[in-house]
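> give the three-dimensional model of this entry:
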Amino acid sequence: MRIYKRLSCVLVALTMVMTTVHAAGVSPAEALQIKADIKQLVDNYAITRDNWDAKAHAALFTEHARLIMNGAVTEGSAAIQKRVEGLNHDGRSLHMMTSSQITIIDKDHATGIQYIAVYTNTPDKPVKEDESIAVKGPSRMGKYFDKYERTPDGWKFTERRLQTVFTTAE
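Below is the predicted model of the structure:
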């Protein structure tokens, strides 16, 4: 009897996924590819940001994209590049993209929620690249609310809004 209940739950979940994908006008295979491409975009955001690669970071956004960080709005990929160039590069950061939910609107548009934990520290003295820096925990944890668009260069952010949920108490 338990196996039938589990099988029923799986069939209901598959039906819901298929209905959603069909409503968006994409096949299940296309949906998987879209979600994989967007997941790569999100991962590239963290990697380019942590490596201070402002040009590659800005290239993840459309020309007129909006980056909203706790209410502060940066508009356009050129301004996003300048924002990263203007940050303090003395410290280190590690953006951990964790749980995610991607909703496909159509073959060229999607939205998403991405959970994040950010570890940061600016050491008192210079450290070698392979040297560890002590931290007490994540400096920030929150959610990104994203809008994505497929461009000729692949998927890009059209909007990324950070909502900080927790910060490290000092």
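> got phi/psi on residue 73?
Main-chain dihedrals, residue 73, degrees, to the nearest 10: phi -100, psi 130.
> repeat for residue 94
Torsion angles, degrees, to the nearest 10, at residue 94: phi -140, psi 110.
> could you do residue 92 as well?
With angles defined as degrees, to the nearest 10, residue 92 sits at phi -130, psi 150.
> I'd say it and residue 133 touch.
Yes: with contact defined as Cβ atoms under 8 Å, residue 92 counts as touching residue 133 (5.9 Å). Quick note: C-beta positions are derived from backbone N, CA and C, even for glycine.
> what about these two, which has more around it?
Between residue 92 and residue 133, residue 92 has the larger neighbour count (other Cβ atoms under 10 Å), namely 18 against 13.
> rewinding a little: common neighbours of residue 92 and residue 133, please.
Common neighbours of residue 92 and residue 133, counting by Cβ atoms under 8 Å, 6 or more residues apart in numbering, are 121, 123.
> can you show me the strands along the protein?
61-69, 72-75, 92-106, 109-121, 140-151, 154-167 (DSSP state E).
> can you pull the buried residues of the second one?
Right, strand 72-75. Buried positions in strand 72-75, judged by neighbour count with 16 or more other Cβ atoms under 10 Å: residue 74.
> now the first one
Using 16+ other Cβ under 10 Å as the burial criterion, the residues of strand 61-69 that qualify are 61, 62, 65, 66, 67, 68.
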